[in-house]
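Q: Have a look at this prediction, sequence included:
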Amino acid sequence: MKTFISLAIGSSLTMFISPWVFAQADAQGDGVVTLGGVVIDSACGLETATVDQTIEMDSEPIGRLLRDGEGQKKPFQLRLVNCSVTRPDPSRPGATLPDWEHLRVTFDGPADRGGRSFAAFGSSQGVAFHIQDAAGEESVPGVPMALHPVVDGDMTLNYTVHLVGNGVPLLAGDHTAAVRFKLEYF
């Protein structure tokens, strides 16, 4: 049974150009260009290797899932780099805004187990993905986790993911999940 979980974060500056706009010799003066994006103020950068991760989990025997109610925990990290608590004020050169003090992580994706875990998709059934931080706090899809203090330099946020039963009879097979995460600074 192969298990994959993908983590993804959207780019902080995104440009959308409609695929319907092409250069054509016959039509002139018609077309649509849609542009959009977000410029964000952030205390840290996200290490490139942790932006889009694929976590390959070990195979889990059905017997272990039945006996223990959960699978083995697989660690993963979000590495924040070049963090700075100081916030320059863009509207007043040389001035600063109040320092960054905290960050909060929210994992989001399709939910299972009454909204307590992340849904698994594939040929298997009876399992969901569950994420916890290093302190044991469980991630609930779409619900922000506890605040972390922001410090100057680099920071590593440690998590684990594991399979849990979802109340449906177990069926062996492959499964995957796509989980997004968002970082917010305060």
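A: All right, it came through fine.
Q: all helices for the protein, in order.
A: Ranges of helices in the chain, per DSSP state H, are 48-51, 62-68.
Q: Compare the mean pLDDT across those helices and name the weakest.
A: Mean pLDDT is lowest for helix 48-51 among the helices of the chain, at a mean of 80.
Q: Pull out the buried positions in that helix.
A: 50-51 (16 or more other C-beta atoms under 10 Å). Where you see a C-beta, it was placed from the backbone N, CA and C, and this is true even at glycine.
Q: swap in stretch 118-125?
A: 118-120, 124.
Q: quick one on the thing from earlier: among the helices of the chain, which is nearest Gly94?
A: Nearest of the helices of the chain to Gly94, taken as C-beta to C-beta: helix 48-51 at 31.6 Å.
Q: That closest one packs against which elements?
A: Under the contact criterion of 3 or more C-beta pairs under 8 Å, 6 or more residues apart in numbering; DSSP states H and E, helix 48-51 touches strand 74-83.
Q: name the helices or strands packed onto the strand it packs on?
A: Contact here means 3+ C-beta pairs under 8 Å, 6+ apart; on that basis strand 74-83 packs against strand 45-46, helix 48-51, strand 53-57, strand 153-165, strand 175-185.
Q: least reliable of those going by mean pLDDT?
A: If you rank the helices and strands packed on strand 74-83 by mean pLDDT, helix 48-51 sits at the bottom with a mean of 80.
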